[in-house]
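Asks: how would this look folded up:
(one chain, ligands or ions: 1)
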Amino acid sequence: MPIVQIEEVIKIYEGKVTHRALDRLSFEVEDGEFLAVMGPSGSGKTTLLNLISGIDRPTSGHIRVAGTDPSTLKPDEAARFRRQELGFIFQDFNLLRMLTVEENIVLPLTLEGMPIKEMDARMRAVAKRLGLADILHKRPDEISGGQEQRTAIARALVHRPSLVLADEPTGNLDSHAAREVLDLMATINRENGTTVVMVTHDPIAASYCDRVLFIKDGAYYNEIHRDDRRRTFFQRILNMLSLLGGNVDDLSSVRLP
Ligand SMILES: Nc1ncnc2c1ncn2[C@@H]1O[C@H](COP(=O)(O)OP(=O)(O)OP(=O)(O)O)[C@@H](O)[C@H]1O
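Replies: Prediction:
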């Protein structure tokens, strides 16, 4: 069953110059899928995440996420929807610097007013899963980038969201930490059935997914499914990116898997 349905979505930014950021885009994300979205700079990836999360509304077309059309929600309903149904992972981690790892992870549950004992149990379970049990009392400045991103992933998962949205989650990590984070995301997706939609420029990151959707100029371009080994999938992603064209800088950071 699809958990995300995008149907003929158009997003036009009005301004001095009108810009069509998404152009009749349609696709679905199956429950439990790990999907990468790739496309040249400016192709509409962030716009798409903003529409899925209800931060912004489409100009036309329909979006359903876990049975809800986020664009029909009032601001307070939309905030609650995001808090309960979605988990977010960002390139720059977005941790609160004043809080410890433990406090950052537990934040989404605090906002829901969950009893302390239950919050603590949930936090410990997810922290253990992400290898954070020994650094719970440290602050973001005292841990590595990989540990920061693992804390952010724990925070994104602790309230058991229907869908996790990740925007360049490995963009600020070295290759070792990136691999660790991607392995964890893939394991959690496989074992917990958590649906993940990840925007990335990095073909290595995309090669951890079940499917890669390519968009160009806001429109659907193509998609490929992982079939065999990750290395051959990686090669097929590279081939598609070279067909897709776009900014050469997008591929400048490619490291062989
Ligand atoms: N608030 C806005 N107002 C006007 N134009 C916008 C706005 N947000 C994005 N755009 C334009 O819409 C297009 C798509 O932007 P978007 O950020 O979705 O692309 P992207 O694929 O995420 O790019 P990148 O990979 O560089 O992050 C770009 O041309 C951008 O300049």
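
Asks: all contacts plus neighbour counts: C-alpha atoms, from now on.
Replies: Fine.

Asks: so who does the residue nearest to residue 2 when sequence neighbours are not counted touch?
Replies: Taking Cα to Cα, 6 or more residues apart in numbering, and ignoring the residues beside it in sequence, residue 2 has residue 30 as its nearest neighbour in space, at 4.0 Å. Neighbouring residues of residue 30 by Cα atoms under 8 Å, 6 or more residues apart in numbering: 1-4, 195.

Asks: Please work out the average pLDDT along the helix or strand hosting residue 11.
Replies: Residue 11 is part of strand 2-13, with elements assigned from DSSP states H and E. Predicted confidence along strand 2-13 averages 96 (mean pLDDT).

Asks: How about stretch 28-48?
Replies: Stretch 28-48 shows a mean pLDDT of 96.

Asks: is it up against the ligand anywhere?
Replies: Yes - part of stretch 28-48 sits close enough to the ligand to count as contact by Cα under 6 Å from any ligand atom, namely 40-47.

Asks: What segments of the stretch 151-257 of the chain are strands?
Replies: 163-167, 195-199, 211-216, 219-225 (DSSP state E, counting those that start in this stretch).

Asks: and what of the stretch 1-150 of the chain?
Replies: Secondary structure of the stretch 1-150 of the chain, counting by DSSP E, counting those that start in this stretch: strands at 2-13, 19-30, 34-38, 60-65, 86-90.

Asks: residues from this protein in reach of the ligand?
Replies: 13, 21, 40-47.

Asks: rewinding a little: among the residues of stretch 28-48 next to the ligand, which ones are in helices?
Replies: 45-47 (DSSP state H).

Asks: Reformat those as TSV; add neighbour count.
Replies: As requested, these are exported to TSV (neighbours: other Cα atoms under 10 Å):
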residue	neighbour count
45	24
46	15
47	18
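
Asks: Could you give me the buried positions within stretch 45-65?
Replies: Of the residues in stretch 45-65, those buried under the neighbour-count criterion (16 or more other Cα atoms under 10 Å) are 45, 47-49, 51-54, 57-58, 61-65.

Asks: Please compute how far it lies from its chain's middle.
Replies: 14 Å (Cα atoms, centre = their mean, to the nearest Å).

Asks: for stretch 142-150, same thing?
Replies: 18 Å.

Asks: quick one: contacts for the spatially most central residue of the chain?
Replies: Centroid-nearest residue in the chain, with Cα atoms, centre = their mean: residue 166, separated by 1.6 Å. With contacts defined as Cα under 8 Å, 6+ apart, residue 166 is in contact with 88-90, 196-199.
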